[in-house]
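Novice: Coordinates for the following, if possible.
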Amino acid sequence: MRFMVIVKADKNSEAGILPSQQLLADMGKYNEELVKAGVMLAGEGLQPSSKGARVRFSGDKRTVIDGPFAETKELVAGFWIWKVNSKQEAIEWLKKCPNPMPGTEPEIEIRQIFEAEDFAASDPTGELRKKEEELRKTVESNQR
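Specialist: Next up, the predicted model:
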């Protein structure tokens, strides 16, 4: 099972304030532990929404909305992709995480990622799942 672990933004991350050297060291140690355990597949921090954009879809029309975006609590400041055996295992790993937003009480969201086999009923021949697997292999080879 793969899970996305979503770190929500706060006023400091949205202001572009970088973490302290101590927090970077603590998070580096935590990430190293995740990698050694074979849990962490990816993980990144994100720039503030002021450097981002959204694209709104309405029929065939596309409208670009430049950041920053108002609702900080709804924004993502960073993420991990973890491979674990259960949601409970992801929760246990997350309980070991240093507070990524010192001085605040952040909530970190855990969401299971769909796997190709989850769509078996919509793809009885398996053709779409096979194409998805080929794309995944191409993406992995591009990352090397």
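Novice: Secondary structure class of the most centrally placed residue in the chain, three-state.
Specialist: By C-alpha atoms, centre = their mean, the chain has its centre lying nearest to residue 79, at 3.1 Å. Following DSSP: H, G, I helix; E, B strand; the rest coil, the label given to residue 79 is strand.
Novice: okay, which residue of the chain is out on the far edge from center?
Specialist: residue 125 (31.0 Å).
Novice: in a helix, that's where that residue is, yeah?
Specialist: No - going by three-state DSSP, the assignment for residue 125 is coil, not a helix.
Novice: and it, what is it in contact with?
Specialist: With contact set as C-beta atoms under 8 Å, 6 or more residues apart in numbering, residue 125 has no partners. (Glycine included, C-beta is placed from N, CA and C.)
Novice: Adjust the sequence numbering to begin at 846 for everything that follows.
Specialist: Fine by me, first position is 846 from now on; the one you just mentioned is residue 970.
Novice: lowest-confidence helix or strand of the protein?
Specialist: Here the helix or strand of the chain ranked lowest by mean pLDDT, DSSP states H and E is helix 972-987, holding a mean of 84.
Novice: thinking again about what came up before, partners of the residue nearest to the centre of the chain in the sheet?
Specialist: residue 851, residue 889 (DSSP bridges).
Novice: Touching, it and residue 889? I think so.
Specialist: Yes - under the criterion of C-beta atoms under 8 Å, residue 924 makes contact with residue 889 at 6.4 Å.
Novice: The residue farthest from the centre of the chain and residue 976, how far apart?
Specialist: 11 Å (C-beta to C-beta, to the nearest Å).
Novice: same thing with residue 852?
Specialist: Taking C-beta to C-beta, one finds residue 852 at 32 Å from residue 976.
Novice: how far does the least confident helix or strand of the chain sit from the chain's center?
Specialist: Offset of helix 972-987 from its chain centre (C-alpha atoms, centre = their mean, to the nearest Å): 20 Å.
Novice: What helices and strands are in contact with that helix?
Specialist: The contact analysis (3 or more C-beta pairs under 8 Å, 6 or more residues apart in numbering; DSSP states H and E) places helix 972-987 against no helix or strand.
Novice: residues of that helix that come out buried?
Specialist: For helix 972-987, burial by neighbour count (16 or more other C-beta atoms under 10 Å) applies to residue 974.
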